[in-house]
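*Asks:* Next comes the sequence, and after it the predicted model I'd like to discuss.
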Amino acid sequence: MLDDVFPRQPARKAIFDDYRARGLWGRRTFNDILEEACLRRWPESRFIVASKERPADLSYRELFQRGQNLAGALHGLGLRKGDVLAMEMPNWIEGCVTYLACAALGVIVVPIIHIYKAKEVRFILQQSGAKVFVCPQTTMGIDYLALADDVRPDCPDLLHVLIVGDDAGEHTRFADVEAAGTADFPRPEISPDEPHILAYTSGTTADPKGVVHSHNTLFSELRAVVAASGGDEHDVFMSPNPIGHIAGIYSALIAPFLCGYATMIAVDGFDPPYMLDLIAEHRVTRSGGAPIFMQVMLSDPHFAEVDTSSLELFGVGGANVFPHQILQADEAGWFSFRSYGCTEHPSITMGTLDDPLDKRAHTDGRPMLDVEVRFVDDDGNDVARGEEGEIWSRGPDLFLGYMDPAMDAESITEDGWFRTGDIGRLDAEGYIQITDRKKDIIIRGGENISAREVEEVLVQHPKVQDCAVTPVPDERYGEKVCAFVVPAGEEAPTLDEVLAFFAEQGVAKQKTPERLEIVTEFPRTLSGKVQKYVLKRSLRG
């Protein structure tokens, strides 16, 4: 299914040719980078999986060699260049090694967000045409083995399910496959323009959207991030981002081998006291992720008892960032700034080490290296500086396209501008502030949630006649799910009843409404569309 030539818009070919001519796109693949970093430049640097369940500590050289051996094993299972491997893995070494093996084979990686359950996983495996699916037996209270049993019969392209754990049921143990590995396998010719990561993200549709990135688009992303925030072989970097998310892939499995961190720490699970202890134990110098990661560490009752003085920088993004969070970090001695992006265009703007505190706290930074940004009205005309408009972005790190071709036409203009669906303004000094959102999603703790998907479940409740779902600001998660409901009868549903109903439907907890508002009718446009911005404003009043 990934045999389509990206991009589908002919005009973008000229843009891509320009990137190559300007040296923004090169000829190296991630396997080239991994080999150079792990065997020649920084072979003794450490790669640590900080996990209470499956800890690991390898040198870069050992990690690379383990990846090569697994590549041979996957080749033995029949995987070839251009095939697709999906993995719904926590930050365990097996997931990290799988990524390196796929890079060696030219196999496209589909990282799946750990909160996704059978409905989403089935859709992703079917649309991507994944031939291999890797997941744990169980972790975080989730029975992934049962999930694999559930989805496998509906995925005709799926040849192998590899289970990380002692009991694989009717599937195959990951450990058995890895034990049969060999570094003796045919090395394919891989182009850096070929699809490398296929990441799925929620949007305005009920099903996740497949976002295709190449080696070159992700290289451009990392080059821009390093230009903004630095990072080198003197640093100890801690990533709490899950590798099921594109942010986890590039922060834990790509950036270390471009920057050559002395130590890379991939944290398994969200445990604030544990992360504070890791900072103190390993003298972590840099970290980053959704603002909730930083917020809960700074607010932990034991924060003052732990020596976190080594941490120089904590970048935040992927969700709403409140100014007081940046100010609190500054008071604690942590340099922090905001960034703005999405799976399609991972980093559109970012703060820098030179930005004053006021700009870091109250804006989302300036456009990244080689990234262009426009602010337009509803007709696509540029608005004056300082006025609000929809943000359109373009750059060498912009994705190639969606798995669904119809989505390309909706989201990318003929001349290559990406319609973000976010509203913002540009100030006199070139800093951007995000002020609102056109697209119908909630960003909770760095994860996108489709409002439509929540509505499609909620409207099935017997006490619900009609519903509308919007984000509501939340100090902990940035946003949470708020449901407005028109009751089907005299008795309105309670929040507890809604929670129980979503649990019965097998919906991820993160997608379940956390606030319920009962209304008699919805404000609508002349065409009948619910005016959600009016509903959101009513919450403020």
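*Replies:* Perfect, I can see it now.
*Asks:* Other residues contacting stretch 163-182?
*Replies:* For stretch 163-182, contacts defined as C-beta atoms under 8 Å, 6 or more residues apart in numbering pick out 66, 69-74, 76-77, 89, 92, 94, 97, 134-138, 144-145, 148-149, 152, 160-162. Quick note: C-beta positions are derived from backbone N, CA and C, even for glycine.
*Asks:* Quick check: I48 vs I265, distance?
*Replies:* Applying C-beta to C-beta, to the nearest Å, the value for I48 to I265 is 5 Å.
*Asks:* who's more crowded, these two?
*Replies:* I265 (26 against 19; other C-beta atoms under 10 Å).
*Asks:* Would you quantify the distance from the more buried one to L311?
*Replies:* Separation of I265 from L311 (C-beta to C-beta): 12 Å.
*Asks:* Can you pull the residues that touch both of those two?
*Replies:* What both I265 and L311 touch, as defined by C-beta under 8 Å, 6+ apart, is the set V284.
*Asks:* Any buried residues in the longest helix belonging to the chain, and which?
*Replies:* Counting residues, the longest helix found in the chain (DSSP state H) is helix 60-76. Neighbour-count burial for helix 60-76, counted by 16 or more other C-beta atoms under 10 Å, picks out 60-75.
*Asks:* Can you give the strand pairings for the helix or strand following that helix, parallel or anti for each?
*Replies:* Later in the chain than helix 60-76, the nearest helix or strand by DSSP states H and E is strand 84-87. Sheet pairing here is set by DSSP bridges, and for strand 84-87 it gives strand 108-111 (parallel), strand 132-136 (parallel).
*Asks:* hang on, the earlier thing: now the common contact residues for I48 and I265.
*Replies:* Contact criterion C-beta under 8 Å, 6+ apart; residues bridging I48 and I265 by contacting each: H282.
*Asks:* Just the strands from the stretch 101-250 of the chain, written as ranges.
*Replies:* With DSSP state E, counting those that start in this stretch as the criterion, the stretch 101-250 of the chain has strands at 108-111, 132-136, 160-164, 172-173, 195-201, 209-214, 236-239.
*Asks:* tell me the most buried of the ones you listed?
*Replies:* strand 132-136 (a mean of 27; mean count of other C-beta atoms under 10 Å).
*Asks:* Contacts for it next, please.
*Replies:* 74, 77, 79, 83-90, 92, 94-95, 98, 125, 144-145, 147-148, 151-152, 155, 158-165, 174.
*Asks:* and if we set it to 6 Å?
*Replies:* 85-88, 98, 144, 148, 158, 160-162, 164-165 (C-beta atoms under 6 Å, 6 or more residues apart in numbering).
*Asks:* For those, give me a markdown table that also has distance to D330.
*Replies:* Output for the contacts of strand 132-136, formatted as a markdown table (distance: C-beta to C-beta, whole Å):
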| residue | distance to D330 |
| --- | --- |
| L85 | 42 |
| A86 | 40 |
| M87 | 37 |
| E88 | 37 |
| T98 | 38 |
| Y144 | 40 |
| A148 | 45 |
| L158 | 49 |
| H160 | 49 |
| V161 | 47 |
| L162 | 45 |
| V164 | 40 |
| G165 | 43 |
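*Asks:* low-scoring stretches of the chain, by residue?
*Replies:* Filtered on pLDDT under 70, the chain yields the residue ranges 1-7, 203-206, 319, 525-529, 540-541.
*Asks:* how is it carved up into domains?
*Replies:* The record assigns the chain these domain ranges, following automatic domain parsing: 1-20+371-439, 25-268, 270-369, 441-540.
*Asks:* Start and end of the third one, how far apart?
*Replies:* When you say that, I think you mean domain 270-369. 31 Å (C-alpha to C-alpha, to the nearest Å).
*Asks:* Burial check on L77, number of neighbours?
*Replies:* 16.
*Asks:* Quickly note the distance from it to H160.
*Replies:* Counting by C-beta to C-beta, the gap from L77 to H160 is 6 Å.
*Asks:* need the strands paired with strand 84-87 in JSON lines with distance to R286, can you?
*Replies:* Output for the strands paired with strand 84-87, formatted as JSON lines (distance: least, C-beta to C-beta, whole Å):
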{"stretch": "strand 108-111", "distance to R286": "22"}
{"stretch": "strand 132-136", "distance to R286": "28"}
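*Asks:* just so I know, which of those strands lies nearest G445?
*Replies:* With C-beta to C-beta as the criterion, G445 lies closest to strand 108-111 of the strands paired with strand 84-87, at 16.9 Å.
*Asks:* for the closest one, the distance to its chain's centre please.
*Replies:* Between the centre of strand 108-111 and the centre of its chain there are 12 Å (C-alpha atoms, centre = their mean, to the nearest Å).
*Asks:* all helices for the stretch 251-400 of the chain, in order.
*Replies:* Along the stretch 251-400 of the chain, the stretches classed as helices by DSSP state H, counting those that start in this stretch are 255-259, 272-282, 291-298, 323-331, 357-362.
*Asks:* and of those helices, who's closest to K511?
*Replies:* That would be helix 291-298 among the helices of the stretch 251-400 of the chain, by C-beta to C-beta, at 16.5 Å.
*Asks:* Give me the distance from the closest one to the chain's centre.
*Replies:* Centre-to-centre, helix 291-298 and its host chain are 18 Å apart (C-alpha atoms, centre = their mean).
*Asks:* go on, stretch 169-178?
*Replies:* Mean-position distance between stretch 169-178 and its chain equals 27 Å (C-alpha atoms, centre = their mean).
*Asks:* rewinding a little: just so I know, which of the strands of the stretch 101-250 of the chain lies nearest L34?
*Replies:* For those, proximity to L34 was assessed by C-beta to C-beta; strand 195-201 is nearest, at 12.3 Å.
*Asks:* residues in contact with the closest one?
*Replies:* Strand 195-201 is contacted from outside by 2, 108-110, 124, 128, 208-215, 246, 343, 448, using C-beta under 6 Å, 6+ apart.
*Asks:* Repeat that for stretch 18-33.
*Replies:* Stretch 18-33 has contacts (C-beta under 6 Å, 6+ apart) with A103, A104, I190, P192, H215, N216, F257, D370, P396.
*Asks:* could I get the helices of the stretch 251-400 of the chain as JSON lines with distance to P523 and mean neighbour count?
*Replies:* Conversion of the helices of the stretch 251-400 of the chain to JSON lines gives the following (distance: least, C-beta to C-beta, whole Å; neighbours: other C-beta atoms under 10 Å):
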{"stretch": "helix 255-259", "distance to P523": "45", "mean neighbour count": "24"}
{"stretch": "helix 272-282", "distance to P523": "40", "mean neighbour count": "18"}
{"stretch": "helix 291-298", "distance to P523": "31", "mean neighbour count": "23"}
{"stretch": "helix 323-331", "distance to P523": "30", "mean neighbour count": "17"}
{"stretch": "helix 357-362", "distance to P523": "31", "mean neighbour count": "18"}
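*Asks:* Distance to V469 added to the ones you listed, as TSV?
*Replies:* Below are the helices of the stretch 251-400 of the chain laid out as TSV (distance: least, C-beta to C-beta, whole Å):
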stretch	distance to V469
helix 255-259	35
helix 272-282	29
helix 291-298	21
helix 323-331	25
helix 357-362	29
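*Asks:* Nearest to G386, out of those?
*Replies:* With C-beta to C-beta as the measure, helix 357-362 is the member of these nearest G386 (14.6 Å).
*Asks:* what number of residues lie near S191?
*Replies:* A count of nearby residues for S191, using other C-beta under 10 Å, gives 14.
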